[in-house]
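Participant: mind looking at a prediction? Sequence and model below.
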Amino acid sequence: MAQSAHLPLTQLSEEESLFYSTVKKFAEETIAPQVHSMDSEQQFASGLVKQLFDLGLMGIEVPEERGGAGGTFFDAVLAIEAISTVDPAVAVLVDVHNTLVVNALRRWGCPAQLNHWLRRLAADTVGAYALSEAGSGSDAFALQTRAESEADGFLLNGRKLWISNAREAGLFIVFATIDPAAGYRGITAFLVEKGTPGFSVGRKEDKLGIRASSTCELIFDHCKIPAANLLGELGKGYKIAIETLNEGRIGIGAQMLGLAEGAWGHAARYAKERRQFGKAIADFQAVQFTLAEMATEIEAAKLMVYNAARLKDAGQPYLREAAMAKLFASQVAERVASQCVEVFGGNGFVRDYPAEKYYRDAKVGKIYEGTSNMQLATIAKHVLGR
């Protein structure tokens, strides 16, 4: 039988491998020394966001002719994974910007929007994605934020909650209803620039994990948006939201994968260094088996995340695989981070060591961009043919 010409799923091409190693080196050399202080201060280190832009990590899929790297969705997944091994909070910034904001613009932006905003998003402007509200979490389209048509544009009124990148962003994709009576068919997407009169960023949430990443309230009080800032068509915002979040799930899967890999790395190193009863705890079978189970689950999560990302790039159906990858990778991240704390023992319970932060950061993976129950509902729909 002839040998298959296809590469193993997790084997990276030369370009992919070089890209991943470059991002990983940046994360280890530049981000790692600042993780503890950023977590404590609940903000990114001065100059870090600019460094992400300078490295090309904020325009991965932006075409080269518009100032981006001209890369693939899989490249974005690799960047998110690599950064997450060191700090999932920084990875959220890169993830939301690339997989949600940039991709939504690339797919639904008009030529003028593409030419103006993609260049800025690749160069110096952080993007944020504003869908959630106090009464619309998993029920994403129960929106109360209103958009009223005017002669030369729209008037936005309402509030958004849980918006990642809110403090750093210069551009927001905001979802509002143009016609409440139309239900989800009234949902419309708008581009709102920071500094627009009537728009302000409110309270920053004091979170359990990913604390350096800003998660804030957005307030719209008679915020006037020009007609040119309509993204896509009136009443088609639900389509933009659904399709973009389907891709975003893979990004969160990559974040959770990287988190698990980072936690495992710290646990393995500590197990080799920590001595009890006259030998390294890594010499005890119980610890060996724990690390082996962690590594096995991480490998399974990697296969699922990589498969979903490669399916997306190949233009093949990937919705089921994206939901599965997000669901499973978030479960693995929580389990691996918990085991990491236990390998560290008492040291895992204090902030002088890295284990507890991975554990805190992992929890949100089951919550944002679609809770685990919502992923299960999506998976059930596909596997049962409904």
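Facilitator: Happy to help now that I have it.

Participant: just the helices in the chain please.
Facilitator: 14-26, 35-41, 48-54, 73-84, 88-95, 103-108, 111-113, 119-123, 237-273, 285-313, 319-344, 355-362, 372-383 (DSSP state H).

Participant: tell me what the third one is packed against?
Facilitator: Counting contacts by 3 or more C-beta pairs under 8 Å, 6 or more residues apart in numbering; DSSP states H and E, helix 48-54 packs against helix 88-95. For glycine as for every other residue, the C-beta is placed from the backbone atoms N, C-alpha and C.

Participant: show me what the helix it packs on is packed against.
Facilitator: So helix 88-95, by 3+ C-beta pairs under 8 Å, 6+ apart, packs with helix 35-41, helix 48-54, helix 73-84, helix 237-273, helix 355-362.

Participant: give the buried residues for the fourth one.
Facilitator: Residues of helix 237-273 classed as buried under the neighbour-count rule (16 or more other C-beta atoms under 10 Å) are 237-241, 244-264, 266-268, 270-271.

Participant: can you put the helices and strands packed on helix 88-95 in CSV and add distance to residue 165?
Facilitator: What follows is the helices and strands packed on helix 88-95, written out as CSV (distance: least, C-beta to C-beta, whole Å):
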stretch, distance to residue 165
helix 35-41, 15
helix 48-54, 10
helix 73-84, 14
helix 237-273, 13
helix 355-362, 16
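
Participant: any idea which of these gets closest to residue 112?
Facilitator: Ranking the helices and strands packed on helix 88-95 by proximity to residue 112 (C-beta to C-beta) places helix 237-273 first, at 17.6 Å.

Participant: roughly how far out does the closest one sit from the chain middle?
Facilitator: From the chain centre to the centre of helix 237-273 is a distance of 8 Å (C-alpha atoms, centre = their mean, to the nearest Å).

Participant: stretch 149-156 now?
Facilitator: Here stretch 149-156 is found 32 Å from its chain centre; the criterion is C-alpha atoms, centre = their mean.

Participant: stretch 50-67 too?
Facilitator: 17 Å.

Participant: can I get that stretch in CSV, CA atoms only?
Facilitator: Coordinates of each C-alpha in stretch 50-67 appear next as CSV, following Å, rounded to 0.1, in the frame of the first residue of the first chain:
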residue,chain,number,x,y,z
LYS,A,50,2.7,48.0,20.7
GLN,A,51,5.2,45.1,20.7
LEU,A,52,2.4,42.7,19.7
PHE,A,53,1.6,45.0,16.7
ASP,A,54,5.3,45.3,15.8
LEU,A,55,5.7,41.6,15.8
GLY,A,56,2.8,41.3,13.3
LEU,A,57,0.5,39.4,15.8
MET,A,58,-2.4,41.8,15.4
GLY,A,59,-2.8,41.5,11.7
ILE,A,60,-2.2,37.8,11.1
GLU,A,61,-4.9,37.3,8.5
VAL,A,62,-4.9,40.9,7.2
PRO,A,63,-3.7,40.8,3.5
GLU,A,64,-0.2,42.0,2.9
GLU,A,65,-1.4,44.8,0.6
ARG,A,66,-3.3,46.2,3.6
GLY,A,67,-0.4,46.0,6.0
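
Participant: quick check: buried residues in that stretch?
Facilitator: Buried, per 16+ other C-beta under 10 Å, within stretch 50-67: 52-53, 56-62, 66-67.

Participant: how about those, which pair is most distant?
Facilitator: Among these, 52 and 66 lie farthest apart (C-beta to C-beta), at 17.8 Å.

Participant: which residues are in contact with the spatially most central residue of the chain?
Facilitator: The residue lying closest to the centre of the chain (C-alpha atoms, centre = their mean) is residue 95, at 3.7 Å. With contacts defined as C-beta atoms under 8 Å, 6 or more residues apart in numbering, residue 95 is in contact with 76, 80, 248, 251-252, 254-255.

Participant: can you give me the pLDDT of it?
Facilitator: Residue 95 is assigned a predicted lDDT (pLDDT) of 98.

Participant: likewise for residue 136?
Facilitator: 88.

Participant: find the nearest non-adjacent residue to residue 243, please.
Facilitator: Leaving out its chain neighbours, the residue that sits closest to residue 243 by C-beta to C-beta, 6 or more residues apart in numbering is residue 107, at 7.4 Å.

Participant: how near is that neighbour to residue 114?
Facilitator: For residue 107, the distance to residue 114 (C-beta to C-beta, to the nearest Å) stands at 10 Å.

Participant: please apply the same query to residue 131.
Facilitator: 21 Å.

Participant: the two: which is more packed in?
Facilitator: Taking other C-beta atoms under 10 Å, residue 131 and residue 114 do not tie; residue 131 has more neighbours (27 against 16).

Participant: what's near enough to touch the residue lying closest to residue 180 once chain neighbours are set aside?
Facilitator: Distances taken as C-beta to C-beta, 6+ apart put residue 186 closest to residue 180, at 6.1 Å, once the chain neighbours are dropped. For residue 186, the contact set (C-beta under 8 Å, 6+ apart) comprises 177-180, 235.

Participant: tell me the two of the contacts of residue 95 that are most distant?
Facilitator: Farthest pair in the contacts of residue 95 (C-beta to C-beta) is 76 and 252. Separation: 12.2 Å.
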